[in-house]
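> Turn this into a structure:
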Amino acid sequence: MTVHRHSFAVIAIHWLSVVLLVLALATGMASDELPRGNWRDTAQLGHFSFGVLLLAFTVLRVPARLFERSAHPTPAHLPWIYRAAQLIGWAMIVLMLLVPTTGLFDGWAHGRAVPLAGGWMWPVPFEVPGRELWGEAHETLAWALVWLVCVHMAAAAWHGWVLHDTTLKRIWFGR
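Residues are numbered from 1 along each chain as shown. Down below sits the predicted model:
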């Protein structure tokens, strides 16, 4: 059976995004639980940095997803399953754009530059209204993204363990 794989770039962006998402979520949750001090500051710095990197990789992912057609699944199953997969994929991309963006806006709405690893600071670009709105939006959208990722993982497991098709092979490195 021939497997039409995604390009190396798309596969790399996918798995780097997975790692960045897990790290951003873990450091964000840790920074909420840690007492004020160096550990919390380090967790927040990691959270901000991983989130901005995730935003950058997602921006790269959009044209890759639009223009790479070689490994897109064909509607071999019920048409609604194919449409649901496409919808969930795009919803995750939109959320991976919105979650870091609302996080940036949360910091900026409070008048703070956003610190990033390496001593970089992302300054407040303009006055951002809605101080409390951005933090709530950031957290709500982040949990929506986590939920969709769980659905995505369950669908991937279904393809691999129940259908035994080539879906997982298209997004993995190697043969």
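> how near is the closest residue to residue 14 other than its chain neighbours to residue 65?
Once flanking residues are discounted, residue 14 sits nearest to residue 171: 5.8 Å by C-beta to C-beta, 6 or more residues apart in numbering. Placement of C-beta: from N, CA and C, glycine included. Going from residue 171 to residue 65 by C-beta to C-beta, to the nearest Å gives 12 Å.
> for residue 32, same thing?
32 Å.
> quick one, what contacts the residue nearest to residue 14?
Applying C-beta atoms under 8 Å, 6 or more residues apart in numbering, we find residue 171 in contact with 5-6, 10-11, 14, 71.
> Next: residue 97.
Going by C-beta under 8 Å, 6+ apart, residue 97 touches 55, 58-59.
> So what touches stretch 119-128?
52, 104-105, 107-109, 111-116, 134.
> Scan the contacts of residue 97 and report the most crowded one.
Neighbour counts for the contacts of residue 97, by other C-beta atoms under 10 Å, peak at residue 58, which reaches 24 neighbours.
> What strand or helix carries the residue lying closest to that residue once chain neighbours are set aside?
Nearest non-adjacent residue to residue 58, counting by C-beta to C-beta, 6+ apart: residue 96, 4.2 Å away. Using DSSP states H and E, the element containing residue 96 is helix 79-109.
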